[in-house]
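Undergrad: Got a predicted model here, sequence first, then my questions.
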Amino acid sequence: MDESDLVRRAAAGDPRAAELIWKTHRRWIAAVLLAHKPRQADVEDLLQEVALAVVQKINQLDDPAALKPWLRMVAINAARATGRKQTRRKGLLRLVRPNVPEEGEGTSDLTTQASRQRQERARQLGSLIEQLPDSYRECVLLRCARGMTHKQISEVTGLPETTIETRIARGRRMLRELAETSQHTRGESLARSPS
């Protein structure tokens, strides 16, 4: 069965068709969410929001061939809405309790040294990826984190493959430059700190 038939069946209320659509596209949707979500947002929570929106709103999709761009916009909208909610919550929380620690502060760390190092490298890479412009960040994550081809990314974003290829190459170059700048800055601060 082709994807257009699946979309029509899901829009008519077939839960198996909706489930198959979700299973097929969930991994790259996660990469889109990673590219657009606020720092503290949980990807799994956002995936659940997107899945619910897909089930509830797929009948609003006029052109079944436009499924991938539609899924992408649902994911981006969910990430942005979460960002707006978090900003409002933080502002209200600071008004009520101004000395509230950031998430993760004060928790005990029982992981091994190797695990901590991997987590630190992942955190640093995530921090560098967050510094990329949205259009580059999304393409880099879809390619590198999800292994999508340029053609698949083109289908999702609606951009020409040559644009995708350019954004991935430039995004990777920006990441290398950011990493070098970050290492240089850390080296200078270590040299300046007293032993």
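TA: Happy to help now that I have it.

Undergrad: top helix in this structure by residue count?
TA: helix 161-192 (DSSP state H).

Undergrad: Report the buried residues of it.
TA: 163-164, 167-168, 170-172, 174-175, 178 (16 or more other C-beta atoms under 10 Å). Quick note: C-beta positions are derived from backbone N, CA and C, even for glycine.

Undergrad: and that helix, what other elements does it pack with?
TA: If contacts are counted by 3 or more C-beta pairs under 8 Å, 6 or more residues apart in numbering; DSSP states H and E, helix 161-192 sits against helix 113-130, helix 134-140, helix 150-157.

Undergrad: among those helices, which is the most enclosed?
TA: Comparing the helices and strands packed on helix 161-192 by mean neighbour count (mean count of other C-beta atoms under 10 Å), helix 134-140 comes out on top with a mean of 21.

Undergrad: ok, residues contacting it?
TA: For helix 134-140, the surrounding residues in contact (C-beta atoms under 8 Å, 6 or more residues apart in numbering) are 31-32, 35-36, 129-130, 132, 153, 157, 164, 167-168, 170-172, 174-175.

Undergrad: check which helix or strand covers the residue nearest to L33 when sequence neighbours are not counted.
TA: With C-beta to C-beta, 6 or more residues apart in numbering as the measure, L46 is the residue that lies nearest to L33, at 4.8 Å, once sequence neighbours are left out. With elements taken from DSSP states H and E, the one containing L46 is helix 43-57.

Undergrad: Show me which residues of that helix are buried.
TA: Going by neighbour count (16+ other C-beta under 10 Å), the buried part of helix 43-57 is 46-47, 49-51, 54-55.

Undergrad: low-scoring stretches of this structure, by residue?
TA: Scanning the chain for pLDDT under 70 picks out the ranges 83-111, 186-195.

Undergrad: Now K57. Nearest residue, chain neighbours left out?
TA: Per C-beta to C-beta, 6+ apart, closest to K57 is V74, 7.3 Å.

Undergrad: In space, not sequence, find me the middle residue of this structure.
TA: In the chain, the centroid-proximal residue (C-alpha atoms, centre = their mean) is L34; its distance is 1.1 Å.
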